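A.B. asks: 3D, please:
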Amino acid sequence: MALDLTNTAKTFVSNISSAVKDTTTQDLTTLKGFSEEQLDSLARQSALVAGMIEKNEFTDDERDFFLIGLQNMASSFVHTLIGMLEVEIEKIYNAVVKAIYDSISSLAKVALAVPVPV
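C.D. replies: Below is the predicted model:
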């Protein structure tokens with residue numbers, strides 16, 4: 001019996017969408033919380049530095065030291081966020097591949113081994 005390709009395609013869309021949603025729901029909440037916390041810290045530190053500069057309470061060397069510190073904080077935040085996103089993308093990829101293999105196995109009534117995650 002031949003598969004109805006329209007309904008089969010809908011099955012894949014549904015299964016892949018579910019896999020992506022299941023994979024990302026919790027992780028995106030964590031990512032959002034991390035981002036908000038880090039941005040708040042960076043903003044508060046920046047405000048303190050701006051206030052000290054405005055009051056002329058830094059020497060030139062102290063001002064430069066704190067400005068470089070802010071740059072380092074920003075860089076660390078962005079690099080950590082990139083790493084978290086890379087992990088998330090890999091998890092999504094693996095979930096999509098698993099959903100495809102599981103769907104093929106179910107629809108074609110064969111036992112396919114899901115490839116080892118990348």
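A.B. asks: show me the contacts for Thr11.
C.D. replies: Contacts for Thr11 (CB atoms under 8 Å, 6 or more residues apart in numbering) come out as Ser103, Leu107. All C-beta atoms are positioned from the backbone trio N, CA, C, and that covers glycine.
A.B. asks: that one: helix or strand, and which one exactly?
C.D. replies: helix 5-54 (DSSP states H and E).
A.B. asks: after that helix, which helix or strand is next?
C.D. replies: Counting by DSSP H and E, what follows helix 5-54 is helix 60-108.
A.B. asks: chain neighbours aside, what residue packs nearest to the residue nearest the centre of the chain?
C.D. replies: In the chain, the residue lying closest to the centroid (CA atoms, centre = their mean) is Leu85, at 3.0 Å. The shortest distance from Leu85 to any non-neighbouring residue, by CB to CB, 6 or more residues apart in numbering, is to Leu31 (7.5 Å).
A.B. asks: wait, that neighbour sits on Glu86?
C.D. replies: No. Taking contacts as CB atoms under 8 Å, Leu31 lies outside contact range of Glu86: 11.8 Å.
A.B. asks: of the two, who's got more company?
C.D. replies: Legend: neighbour count by other CB atoms under 10 Å for Leu31 and Glu86, higher for Leu31 (16 against 10).
A.B. asks: dump the residue contacts of that one.
C.D. replies: Contact analysis of Leu31 by CB under 8 Å, 6+ apart lists Leu81, Met84, Leu85, Glu88.
A.B. asks: I'd like to know which of the residues you listed are buried.
C.D. replies: For the contacts of Leu31, a neighbour count by 16 or more other CB atoms under 10 Å gives the buried set as Glu88.
A.B. asks: of the contacts of Leu31, which is the nearest to Leu3?
C.D. replies: Relative to Leu3, the closest of these is Glu88; by CB to CB it sits at 32.5 Å.
A.B. asks: show me the shaky parts of the protein.
C.D. replies: By pLDDT under 70, the low-scoring segments of the chain are 1, 118.
A.B. asks: what sits against the residue lying closest to Phe12 once chain neighbours are set aside?
C.D. replies: Leaving aside its sequence neighbours, Phe12 sits nearest to Ser103 (CB to CB, 6+ apart; 5.5 Å). By CB under 8 Å, 6+ apart, the contact set of Ser103 is Thr11, Phe12, Asn15, Ile16.
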